[in-house]
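Trainee: Sequence plus the predicted model coming up.
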Amino acid sequence: MSGPLEGRRVVLGVTGGIAAYKAIDVCRRLVDAGAHVVPIMTEAAQHFVGTTTLGALASEPVQTELWRNPTTPIPHTVVGQGADLILVAPATAKLLSAYRTGFSHDLLTNTLLATRAPVVVCPAMHTEMWEHPSVVDNVAVLRERGVHVVDPESGRLAGGDVGAGRLADPSVIVAEVERVLGPGDLDGTTVVVTAGGTREPIDAVRVIANRSSGKQGYAVAAEAAARGAHVVLVSTVELAAPVGVEVVAVETAEEMRDAVTQRRATSDVVVMAAAVADFRPVAAAGGKIKKDDGVPEIVLEATPDILRGLGEDKPDGQVLVGFAAETDDLRANALAKLTRKNLDLIVANDVGAPHVGFSHDTNAVTLLRPDADPVEIDLASKREIARAVINTIVEIRAASRTGEL
Ligand code: C5P
């Protein structure tokens, strides 16, 4: 279950801006994700960061020279031809201009011209430069040619200035590289994912909650976005939003149902990873229930079963996915839910097992479908589990298109 960067050759070009120091972090993340990182630094970049630092973290020594290159007599074509992707982070105004016009004056610009691999550029510069018509024009032309541009953020810049032009966060840059190198098998789709445990109010301060951390739902959302989907994440928790994902904050089962129902007709896939409360107090007290008034009697009623409602009226071709957290008879209970709720896939996890389920960073699940053999996924990170879930969703979509289901 390897990720999209595993074994891929990524050329990391670093140009001369203060943000060059962040390229070190980008490099480390790419290597951690399994990429073979070939680093190139321009002359100016070396004023900001040493080749020793970047070289120590990359997969091979930093190349800087068009001439007298120790690894090959023709570095200007060899590096670009062998790349699966070229990433330039940070990209200065000078680099963008040279790349736009084809002015190949050093190893990096030559490499950019001598490749057919996808290119991701991450501009970083002062606001005045970023907004200058010549830079705006260069960026627009590069985009038109299919170059992937990761826009800079607004924030603190060198010298204490504040404004647009700060290099995008390394996590955003790496997510874009993953997306570009990924299979794109959810391109053009809309995926709704729910995450976290709902909170049902007892009074103004107390709630009925559960142990769900939301981590598995967030991982599913991140993976769906990396595969090209437009993802809406309906969440009760405040984890860092995955890159490119629209987060809708909710608290109760009813709010979650409304948020999901609103989007159901336009969703290709709905993944209900949230732990929705099954019961809620019939009426929440307006203020705080006083201890001195004695032990209160709280009358409960059933919450709406969101997934069942979705399953009863499923649009053609929509893939509906549920989660089943069980402590006993995992498969039998999950299969019963699969049928009862008219699902295409249920992800069953034995929350009683060690390192599995709520709040852990790892999980182990069984994937159950109506007309396919169960698939067991052994203990793995929640992102890897998410990858297996999305792979199965893609399979279900492909099978339904070819009429196999
Ligand atoms: O039947 P059970 O609640 O165990 O089923 C779990 C699945 O149903 C999960 O995918 C959960 O998100 C969903 N669910 C729901 N609405 C509820 C309760 C659970 O959508 N009220």
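Mentor: Perfect, thanks for sending it. Note that the coordinates shown come from a computational prediction; the quantities given were computed from them, not determined experimentally.

Trainee: And the pLDDT at Asp371?
Mentor: pLDDT recorded at Asp371 is 89.

Trainee: can you pull out the strands in the stretch 301-405 of the chain?
Mentor: Per DSSP state E, counting those that start in this stretch, the stretch 301-405 of the chain carries strands over the ranges 319-326, 345-350, 362-369, 372-381.

Trainee: in the third one, what counts as buried?
Mentor: This means strand 362-369. Neighbour counts over strand 362-369 (16 or more other CB atoms under 10 Å) mark 362-369 as buried. Placement of C-beta: from N, CA and C, glycine included.

Trainee: that older thread, what's the closest of the strands of the stretch 301-405 of the chain to Ala44?
Mentor: strand 372-381 (38.4 Å; CB to CB).

Trainee: Which elements pack onto that closest one?
Mentor: With contacts taken as 3 or more CB pairs under 8 Å, 6 or more residues apart in numbering; DSSP states H and E, strand 372-381 sits against strand 362-369, helix 382-401.

Trainee: Make a markdown table out of the ones you listed and add distance to the ligand.
Mentor: A markdown table is the format used below for the helices and strands packed on strand 372-381 (distance: least, CB to the nearest ligand atom, whole Å):
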| stretch | distance to the ligand |
| --- | --- |
| strand 362-369 | 12 |
| helix 382-401 | 12 |
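
Trainee: Can you redo the strands of the stretch 301-405 of the chain as JSON lines, where the extra columns are distance to Ser104?
Mentor: JSON lines is the format used below for these (distance: least, CB to CB, whole Å):
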{"stretch": "strand 319-326", "distance to Ser104": "47"}
{"stretch": "strand 345-350", "distance to Ser104": "50"}
{"stretch": "strand 362-369", "distance to Ser104": "47"}
{"stretch": "strand 372-381", "distance to Ser104": "41"}
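
Trainee: now the helices for the protein?
Mentor: Along the chain, counting by DSSP state H, helices occupy 20-32, 45-48, 51-57, 75-81, 93-101, 107-113, 127-130, 133-144, 170-181, 215-226, 253-264, 306-312, 330-340, 382-401.

Trainee: before we move on, back to that, of the buried residues of strand 362-369, which pair is most distant in space?
Mentor: Pairwise distances across the buried residues of strand 362-369 peak at 23.2 Å for Thr362 and Arg369 (criterion: CB to CB).

Trainee: Run through the residues of this structure sitting next to the ligand.
Mentor: For the chain, the residues in contact with the ligand (CB under 6 Å from any ligand atom) are 253, 272, 274, 276, 278, 303, 305-307, 322-324, 337.

Trainee: Name the stretch among the helices of the chain that sits most buried.
Mentor: Highest mean neighbour count among these (mean count of other CB atoms under 10 Å): helix 215-226, with a mean of 28.

Trainee: which other helices and strands contact that one?
Mentor: If you count contacts as 3+ CB pairs under 8 Å, 6+ apart, helix 215-226 packs onto helix 170-181, strand 190-195, strand 230-235, strand 245-249, strand 269-272, helix 382-401.
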